[in-house]
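Visitor: My questions are about this predicted structure, shown below with the sequence.
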Amino acid sequence: MQSSPDGARLLSLFSRLGTQDEDAIDDALWDLRDFFKQDDKFSIFQSPEMAPFLQQGLVSPHAPVRAFTVAHIKTAITKTSSPSELSFLVTANILPIVAKCFADELSVAKEANLLFLSVAHKDPSLILANQQVATIIDEILTKRITSSSKQLTQFDSIELRIFETFVDISTLSRVALDACVPRLQHLVSHFTSYASRPITSSSSSSSSSTPSSSKDDPFSVLIVLNVVELLEKLGSTSWGLEYLFSTGVLTAMHRLLLNTLPPSPPPGRSETVLANRLLRFEGSVAARGSAQTQQLLDATSSLLPLPFAFYLSLYHMDAYSDYSVESLEAAISAVGGICTNVRGLDLCMAPLQPSSTYTNPSTGLPFEFAFPFPNLVASLLSLLFVQTRELSISAMHALAGILMAEKPNPETSPKLQQIFTSIMPEVMRTYSTFHSGASSSSSSSAAASSDLHPETEFIHYLLSLLTKPFEEVRYAVFHVLQGIACHGWGVLLLAKHMPGFVEFVGNRSTETTKS
């Protein structure tokens, strides 16, 4: 290496990093960055002569040097074309040293995280089979979590970076997940424990004159949000979803969602975002249609409707001002996902408890809430007619997704037909009664009673929306019509209640926007 001009220059530059003069170090780093602007230079990292310099850079007392060294080793890894080119990581014992960087300053730890992910995508066994790495990671987690009795809400960026790394590795294969389980069990155990506690609104705790405890700190909810994001990523694979179900994480997520319901105080911004994330995640899991989906729906069948019915009904209740449009959109998306499989559709079409007094299954505390619609599907359909455009559009796309989720079959098609023959007419009557004091508009009058057949009335309502100047509204309407037309009964419905439907769709002047 020293015999080549590039090699000799690189060794000279790295040797300049050993000084205590920070200005000299900055100059050396500047020259090194300039040297590595050419991609072909990174092959030098594989030379045995580079090992002591890389090790020296990783343990330098200066954080910029450590960050630079980790970052450029990571880049060298991404430039390799075969696993054999990663042998320098083993011969130079690089990975255990980088593992210690997870507890380093943020600039260094971020680069360590990216380096591990780069290695995992090339050859995960280099990390998973390295006992030194496992020992170091476990020592960091054990020291920072177990010994200090740290709660989930007190996790800091160090723990989260470690968990993020091993969650990403776990998504590569089932074997990778099995190897990562010892690292992930810290995350899982603390999350399931946290989910059993009531959520205290950050908006209410912020006005207190006493300092907030960790569980009342709004930052605590942000930490939990980060954890939920990691668990969502883990659940994006079939083996990850199986792991989340087997460890009780999925049911814990539903319990945490229940904790956002009354009689908890109205949520602050952080709690709202958390509730929305949980709503969307449950909907996405249900839409997967896997064995774990069926198990989750069975395990939470008695508790499933309550949070979704609550959030879907907010628009029609006095409590709406305490919540956000995003919460209703998340609930719409979730119920739409749940209804895309037979078991979920059955649960969402089942009658809601008629009583106006409920007991929160998670907290055991009572609260009064009268649901205006008989089931979740009806609650979803009611939002087709609201004047808030974002909600109406979301509801139309959710309905279209339900209609188009599976190919028509003898089991699902009759259930979907009931949406229009039984549930929709009832929704339109109930909506008219519930909002009888609302001002006349295209949305409120569409749901009002008339001499038209309810199915005809609904089709006419959709057609009226096609005259709106908003492209996103018209697109949502066509999405619903497409979903209806996926079924034999749907084609007959359109033909019966919308004469000239084929001509309407085939007429190029029907829609002026190409997109």
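Guide: Now that the structure is in, tell me what you want to look at.
Visitor: Would you state the helices of the stretch 351-500 of the chain in chain order?
Guide: Under the criterion DSSP state H, counting those that start in this stretch, the stretch 351-500 of the chain contains helices at 376-382, 389-404, 413-418, 424-434, 442-446, 454-465, 471-485, 488-497.
Visitor: possible to save those as TSV with distance to V227?
Guide: Bear in mind the C-beta positions are built from the backbone N, C-alpha and C, glycine included. Shown next, in TSV, are those (distance: least, Cβ to Cβ, whole Å):
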stretch	distance to V227
helix 376-382	28
helix 389-404	27
helix 413-418	36
helix 424-434	38
helix 442-446	39
helix 454-465	41
helix 471-485	33
helix 488-497	42
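Visitor: Among those, show me which one is buried the most.
Guide: Compared across the helices of the stretch 351-500 of the chain, helix 376-382 shows the largest average neighbour count, a mean of 27 (mean count of other Cβ atoms under 10 Å).
Visitor: list the helices and strands that helix packs on?
Guide: In this structure, helix 376-382 makes packing contacts with helix 305-313, helix 325-338, helix 342-349, helix 389-404, helix 424-434, judged by 3 or more Cβ pairs under 8 Å, 6 or more residues apart in numbering; DSSP states H and E.
Visitor: Run through who's touching the first one.
Guide: This points to helix 305-313. Helix 305-313 is contacted from outside by 254, 257-258, 260-262, 275, 279, 323, 327-328, 330-332, 334-335, 338, 347-348, 350, 352, 358, 361, 369, 371-373, 375-376, 379-380, 382-383, using Cβ atoms under 8 Å, 6 or more residues apart in numbering.
Visitor: Let me see the mean pLDDT of the strand or helix carrying E232.
Guide: For E232, the host element (DSSP states H and E) is helix 218-234. The pLDDT scores in helix 218-234 average 80.
Visitor: Next, work out how far apart the residue lying closest to P425 once chain neighbours are set aside and E426 are.
Guide: Closest residue in space to P425, ignoring its immediate chain neighbours: P454 at 3.5 Å, by Cβ to Cβ, 6 or more residues apart in numbering. From P454 across to E426, the span is 9 Å (Cβ to Cβ, to the nearest Å).
Visitor: Equivalent analysis for I94, please.
Guide: Taking Cβ to Cβ, one finds I94 at 66 Å from E426.
Visitor: re earlier: check the contacts of helix 305-313 for burial and list the buried ones.
Guide: 254, 257-258, 260-262, 275, 279, 323, 327-328, 330-332, 334-335, 338, 347-348, 352, 358, 369, 371-373, 375-376, 379-380, 382-383 (16 or more other Cβ atoms under 10 Å).
Visitor: average pLDDT for stretch 340-360?
Guide: 77.
Visitor: got it, and stretch 413-423?
Guide: Confidence over stretch 413-423 (mean pLDDT, whole number) is 86.
Visitor: Just the terminal-to-terminal distance for that stretch.
Guide: Separation of the first and last residues of stretch 413-423 by Cα to Cα, to the nearest Å is 15 Å.
Visitor: Which residues does it contact?
Guide: Contacts for stretch 413-423 (Cβ under 8 Å, 6+ apart): 342, 345-346, 349, 375, 377-378, 381, 399, 402-403, 455, 458, 484, 487-490, 493.
Visitor: how about a cut-off of 10 Å?
Guide: Contact with stretch 413-423 is made by 339, 342, 345-346, 349, 373-375, 377-378, 380-381, 399, 402-408, 424, 427, 454-455, 458-459, 483-484, 486-490, 492-493, 497, as judged by Cβ atoms under 10 Å, 6 or more residues apart in numbering.
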